[in-house]
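Participant: can you look at this prediction? I've put the sequence above it.
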Amino acid sequence: MRRPEALAECDRCGFLYNHNKLSWQSDWDGMNLHENGLLVCDTCMDTPQENGQRTVILPPDPDPIKNARPRNYLNANNPMSGIGLTLTDDIYSGGFFGTMTGGAGVASAFDGNTNKTWLHSAYISVSDSSFGNYIAKNWSPYIGSIRTPSSLTAPVITHSLSSFTATAPNDRSFLSSGPTTWAVRGSNNGVSWTTLLSGVTTGSAGESVGGEPPGSNYRFHNFSLLGDGVSTLTVAQVSFSVNQVSSS
């Protein structure tokens, strides 16, 4: 025997092999592979597994989009309904509508965010010279294209208000030219409105007005502002708090 080789025992199975036939076992340690001190035969050699030992490199977050409009699911603009549902989701609580469709639109006045510029709020660029400038809420559920038997009709949901708050954008007053009159009104047909509470704004940016409107239940409520036929009217946020739910 001209080239004898030493014998060695595999650290895993215990069988004898020529020492030069054994290999170092490696495992992940952070971002690199390192030998763990075991000499093993080909049969016992394991493919290194990550097993939580390899550093996970997460990819970067995607670039944010400009002027994002995420929906505020947690900060509902109203308390809960009689069956425990929040009144933010249109499918349960009806819809938002009104004449102040400029900027981010009517729905932006119900997104829970009071701190926004006038361009990110709901506005009407040339106000009506009456109370035809408003943000409104329909409390009845919107069933849309849901198929129902012709003999069934959607329930009419009505509320009375316990309180309300309306906020102007942080860079402009409700009426761009100065103070104006506001009103909270109720309706059961969305056309004829009854004034429940009214007041006068100060004409300052970021101003909030509020109160506790009296009155019975209505299917619709709105926050209206008196325009001058020239200036812009803007609302950043409206919050209606309800007393109870009534179906008919």
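Facilitator: Perfect, I can see it now. Numbering: from 1, shown residues only.
Participant: could you use CA atoms for every contact and neighbour count after this?
Facilitator: OK.
Participant: please export the C-alpha coordinates of stretch 178-188 as CSV.
Facilitator: Written as CSV, here are the backbone C-alpha positions of stretch 178-188 (Å, rounded to 0.1, in the frame of the first residue of the first chain):
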residue,chain,number,x,y,z
GLY,A,178,-65.4,85.6,5.0
PRO,A,179,-68.1,84.7,7.5
THR,A,180,-71.3,83.0,6.5
THR,A,181,-74.4,81.3,7.9
TRP,A,182,-74.5,77.5,8.3
ALA,A,183,-77.5,75.2,8.9
VAL,A,184,-78.0,71.5,9.8
ARG,A,185,-81.2,70.2,8.1
GLY,A,186,-83.2,67.0,8.0
SER,A,187,-85.4,65.5,5.3
ASN,A,188,-87.3,62.3,4.5
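Participant: okay, now the domains of the protein?
Facilitator: Residue ranges for the structural domains of the chain, counted by automatic domain parsing, are given in the record as 1-56, 90-143+154-247.
Participant: the ones you listed: which one's closest to residue 71?
Facilitator: Comparison of these against residue 71 by C-alpha to C-alpha identifies domain 90-143+154-247 as nearest, at 6.7 Å.
Participant: run the chain-centre distance for the closest one.
Facilitator: In terms of C-alpha atoms, centre = their mean, to the nearest Å, the centre of domain 90-143+154-247 is set 20 Å apart from its chain centre.
Participant: just stretch 50-63 next, same as before
Facilitator: Once both centres are worked out by C-alpha atoms, centre = their mean, stretch 50-63 turns out to sit 28 Å from its chain's centre.
Participant: any idea how far apart the tips of it sit?
Facilitator: 30 Å (C-alpha to C-alpha, to the nearest Å).
Participant: also stretch 188-202?
Facilitator: Counting by C-alpha to C-alpha: the opening and closing residues of stretch 188-202 are 31 Å apart.
Participant: neighbouring contacts of it?
Facilitator: Residues outside stretch 188-202 that contact it (C-alpha atoms under 8 Å, 6 or more residues apart in numbering) are 174, 178-187, 207, 209, 211-215, 218-220.
Participant: phi, psi of the residue lying closest to residue 7 once chain neighbours are set aside?
Facilitator: Counting by C-alpha to C-alpha, 6 or more residues apart in numbering, residue 7 lies nearest to residue 18, which is 4.5 Å off, once chain neighbours are set aside. The main-chain torsion angles of residue 18 are listed as degrees, to the nearest 10 and equal phi -60, psi 140.
Participant: before we move on, what about residue 108?
Facilitator: Residue 108 adopts backbone torsions of phi -70, psi -20, taken as degrees, to the nearest 10.
Participant: same deal with residue 19?
Facilitator: For residue 19, the backbone dihedrals (degrees, to the nearest 10) come out as phi -60, psi -40.
Participant: tally of neighbours for it?
Facilitator: Burial of residue 19, expressed as a neighbour count using other C-alpha atoms under 10 Å, amounts to 16.
Participant: for it, which residues are in contact?
Facilitator: Under the criterion of C-alpha under 8 Å, 6+ apart, the contact partners of residue 19 comprise 5-9.
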